[in-house]
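Enquirer: Provide a 3D model corresponding to the input given below.
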Amino acid sequence: MSEKSYATLSSLSPAEYQQDSYLKLSTPTAVFDTNDESSPSNVVSVFFDHVLNQLFVVRSHGATGVSTYLAPMANAPPNSRSLKYPQFKISSQFFGPIRSIKQSFEESCLTIKRANQPSQIEFLLLKDNDLFEYAFSQSCKAKNSKLQDFYWIGSTQLLIITNVSLEYYSVNLAKKNLKLMKNISMNVSWHMFHLMHSVPSKDKTVSESQGLLIVSTTDQHNVINPFIFRSGTSSGSVVKLPKFEVDMPMSSKRPGQKQQLLDSDVSVLSIYEETFVSVIRRQPGIAHSTKFSSELVLYRISKEAPAKKNYILKLSTEAGLFAVNIVDNLVVVHYQEMQTSLLFDIKLPGESDGFTTSLTPLLNPAGSIAKAAPVVHPNSGKSFEVKLYDRSWVVFSPDVIINPSIGAMWRLTLDLKKIAPKFSSNAALLKFLQLRFNSRQFQLDLFQKFFSEKTVTLAQSATLFDISNDAYRRFLEADRGLTVQQTSSNDLPGFTPFTFHSNSVLHQSDMRTIFEDMLDQPVVSPDRSRFVVAVMIEFIKSLEKMRFRETLISNYRRIGS
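Expert: Purely as a prediction, here's the structure:
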């Protein structure tokens, strides 16, 4: 498996995990056997296609079967995608270890790269519901090239990456051939591919997929060439974005030279509907010191100008490897050495010089992932302890964690109830919650608790109302198209600027519920009555400050009368 792994880190003794951990592993989205019970000598290999979030467990190079599993996307609609063929076998004229395996979007075609065929891709077509049979193969166009990997972009386009070229093909499965649409010659040190959101086609009849490819060139590997590959019904297009250079620190091992940019330190992330290239930088400390200043740098990809260094996330003063997940637009950086996970929110304030914003972890001290239940394999009944931050973990964006050694895949999740008490102020907590996708009911419960238990002062109430009403006003303006423009020329196609979600801000109907509940409570003392009236006055003042309609303000005046 590729992507970010802890395989080079030393194994640490298990940490003590508290009951109030706010990061959790979901119920496993896949549990799979890592050996073939029918024949222990058979090889079992595990692959993950991060484009379609699909896990492949391949037994005996596919001859004795392949099992596939999905890692459901967070906040995806129910039944948004299910696998048609979760179990199947492979019949091919080629043999040898599989190095990459992927299915087409419709799952009717299986594509395979083998170790003993370094410049060739096999295409296998579905013959029966449980058998993919060899149909044809495709070799790289560039002579003496080595195939790095390949990616389906939509239903009929395939991108092939070699060490010297980018080859973009139109695939005709009926005729069993490929047509080269675009061939870009360039030296490829390493690359990464990120499937972006689908966008409507020009005739509005079908959806088109688009993917961002970043290619590393030069000896230092720090010059990044971004490309947008877009699919279509019969043809695709390629847009070359401005290249940019990643500023690397000086090397402590090679005096006078900068560090090389390694693919293990790079990710492509979608955060708040924008696309970033993230780079982990390890800045050596002072002379004769073993201390490092590690940071995660985010470069925002732009259509018109070279990517700029927008954010610097401060990580640690210790050496070590990190891995990155995105959970509900939070950047979660796992630090295996300390068995902790650092949280960052790029929409919350930090220190800025006008060009780059520096952020420290959202919470201090950092938290750890909650202890997970043992993984039980349904076929064998064997139970495996889940070792958190295990060195065999493999992490994929946005929120997938796989442990091939015990045969389990999870999604990383955030527990709002557990993280809420970690904030030092209610105002900071509210701003945090408004940026979480499904927090509306949780915010409503908090406000009702604030006022029923009288845990906030009038001044604090005024601040909370301003924060809540300002977010709702901005949500309404965006919903009506008053102040938020659609995609600008500097945004990637298919992306729009971030706006508050309907289910992440309190609506006026929610605020009416809060005040009606307060008025329905028994009057236990004159002080209680005066508090309720004073709170409502603060809310009306906030509405006036945010310039809400007079009719809306009058409604609240009538509630309190």
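
Enquirer: and the pLDDT at the most centrally placed residue in the chain?
Expert: Note on the chain: the residue nearest the mean C-alpha position is P398, at 2.1 Å, using Cα atoms, centre = their mean. With respect to pLDDT, P398 scores 93.

Enquirer: ok, G367 next?
Expert: Reading off the model, G367 has pLDDT 90.

Enquirer: is it true that the residue nearest to the centre of the chain lies in a helix?
Expert: No - using DSSP: H, G, I helix; E, B strand; the rest coil, the assignment for P398 is coil, not a helix.

Enquirer: ok, now how distant is it from V51?
Expert: Per Cβ to Cβ, to the nearest Å, P398 is found 13 Å from V51. In short, each C-beta sits where N, CA and C put it, glycine included.

Enquirer: and Q148, by the same measure?
Expert: 15 Å.

Enquirer: so where's the protein shaky on pLDDT?
Expert: 1-19, 36-41, 73-81, 197-207, 233-235, 284-292, 317-319, 481-498, 523-524, 549-561 (pLDDT under 70).

Enquirer: where is the longest strand in it?
Expert: strand 274-284 (DSSP state E).

Enquirer: buried residues, that one. List them.
Expert: E274, T275, F276, V277, S278, V279, I280, R281, R282, P284 (16 or more other Cβ atoms under 10 Å).

Enquirer: export those residues as a markdown table, with columns for distance to S60.
Expert: Shown next, in a markdown table, are the buried residues of strand 274-284 (distance: Cβ to Cβ, whole Å):
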| residue | distance to S60 |
| --- | --- |
| E274 | 43 |
| T275 | 39 |
| F276 | 40 |
| V277 | 38 |
| S278 | 37 |
| V279 | 39 |
| I280 | 37 |
| R281 | 43 |
| R282 | 41 |
| P284 | 47 |
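
Enquirer: pretty sure Q93 is in a helix, no?
Expert: No - under three-state DSSP, Q93 falls outside any helix and is assigned coil.

Enquirer: list the contacts of S439.
Expert: S439 makes contact with L416, L433, N503, S504, according to Cβ atoms under 8 Å, 6 or more residues apart in numbering.

Enquirer: related to what we said a few turns ago, from the buried residues of strand 274-284, which is closest to A323?
Expert: Distance to A323, by Cβ to Cβ, is smallest for I280 among the buried residues of strand 274-284, at 9.3 Å.

Enquirer: was I right to think F229 contacts Y169?
Expert: No - using Cβ atoms under 8 Å, F229 makes no contact with Y169, being 11.0 Å away.

Enquirer: between these two, what contacts are shared?
Expert: Joint contacts of F229 and Y169 (Cβ under 8 Å, 6+ apart) are Q157, L159.

Enquirer: which secondary structure state does V532 sit in?
Expert: helix.

Enquirer: tally of neighbours for it?
Expert: V532 has 18 neighbours, counted by other Cβ atoms under 10 Å.

Enquirer: quick one, helices of the protein?
Expert: Here the chain has its helices, by DSSP state H, at 416-419, 426-434, 440-452, 458-480, 508-520, 526-545, 550-560.

Enquirer: distance to S139 added to the ones you listed, as JSON lines?
Expert: JSON lines is the format used below for the helices of the chain (distance: least, Cβ to Cβ, whole Å):
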{"stretch": "helix 416-419", "distance to S139": "52"}
{"stretch": "helix 426-434", "distance to S139": "52"}
{"stretch": "helix 440-452", "distance to S139": "54"}
{"stretch": "helix 458-480", "distance to S139": "50"}
{"stretch": "helix 508-520", "distance to S139": "61"}
{"stretch": "helix 526-545", "distance to S139": "67"}
{"stretch": "helix 550-560", "distance to S139": "67"}
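
Enquirer: most tightly packed of these?
Expert: Among the helices of the chain, ranked by average contacts under mean count of other Cβ atoms under 10 Å, first place goes to helix 426-434 (a mean of 19).

Enquirer: what angle separates that one from helix 458-480?
Expert: Relative orientation of helix 426-434 and helix 458-480, computed by axes from the mean of the first three to the mean of the last three Cα atoms, to 10 degrees: 20 degrees.

Enquirer: tell me the angle of helix 426-434 relative to helix 440-452?
Expert: Put simply, helix 426-434 runs at 160 degrees to helix 440-452, going by the same axes, to 10 degrees.

Enquirer: show me what helix 426-434 is packed up against.
Expert: helix 440-452, helix 458-480 (3 or more Cβ pairs under 8 Å, 6 or more residues apart in numbering; DSSP states H and E).

Enquirer: figure out which of the ones you listed is closest to R528.
Expert: Distance to R528, taken as Cβ to Cβ, is lowest for helix 440-452 among these, at 10.4 Å.

Enquirer: helices or strands up against the closest one?
Expert: helix 426-434, helix 458-480, helix 508-520.

Enquirer: just send these back as JSON lines, with distance to L315 too.
Expert: Formatted as JSON lines, the helices and strands packed on helix 440-452 follow (distance: least, Cβ to Cβ, whole Å):
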{"stretch": "helix 426-434", "distance to L315": "20"}
{"stretch": "helix 458-480", "distance to L315": "29"}
{"stretch": "helix 508-520", "distance to L315": "38"}
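
Enquirer: Q87 is in contact with N129, correct?
Expert: No - assessed by Cβ under 8 Å, N129 is found out of contact with Q87, at 9.2 Å.

Enquirer: more crowded one of the two?
Expert: Neighbour count, other Cβ under 10 Å: between N129 and Q87, Q87 has more, with 12 against 9.

Enquirer: give me the beta-bridge partners of the more buried one?
Expert: S67 (DSSP bridges).

Enquirer: from the contacts of S439, which single one is nearest I406?
Expert: L416 (28.8 Å).

Enquirer: and the closest residue to that closest one other than its chain neighbours, how close does it get to W410?
Expert: Spatial nearest neighbour of L416, chain neighbours left out: F442 (5.1 Å); criterion: Cβ to Cβ, 6 or more residues apart in numbering. Distance, F442 to W410, using Cβ to Cβ: 23 Å.

Enquirer: likewise for R230?
Expert: 32 Å.

Enquirer: now I540
Expert: Applying Cβ to Cβ to I540 and W410 gives a distance of 47 Å.

Enquirer: ok, now L315?
Expert: Here the distance between L315 and W410 works out to 23 Å (Cβ to Cβ).

Enquirer: wait, T217 touches W190, no?
Expert: No - using Cβ under 8 Å, T217 is not in contact with W190, being 9.6 Å away.

Enquirer: my guess is M248 contacts R254. True?
Expert: No - between M248 and R254 there is no contact under Cβ under 8 Å: 11.7 Å.

Enquirer: which one of these two has more residues nearby?
Expert: M248 (19 against 10).

Enquirer: list the contacts of that one.
Expert: M248 touches Q220, N222, K258, Q259, Q260, L261, R281, counting by Cβ under 8 Å, 6+ apart.

Enquirer: quick check: phi and psi on the first one?
Expert: Meaning Q220. Dihedral pair for Q220: phi -80, psi -10, per degrees, to the nearest 10.

Enquirer: so what's the residue count around it?
Expert: 17.

Enquirer: for the helices and strands packed on helix 440-452, which one sits closest to L158?
Expert: Closest approach to L158 among the helices and strands packed on helix 440-452 (Cβ to Cβ): helix 458-480, 37.4 Å.

Enquirer: please name the nearest non-neighbouring residue to F105.
Expert: Nearest non-adjacent residue to F105, counting by Cβ to Cβ, 6+ apart: S155, 5.0 Å away.

Enquirer: make that V297, sorry
Expert: Per Cβ to Cβ, 6+ apart, closest to V297 is V279, 4.8 Å.
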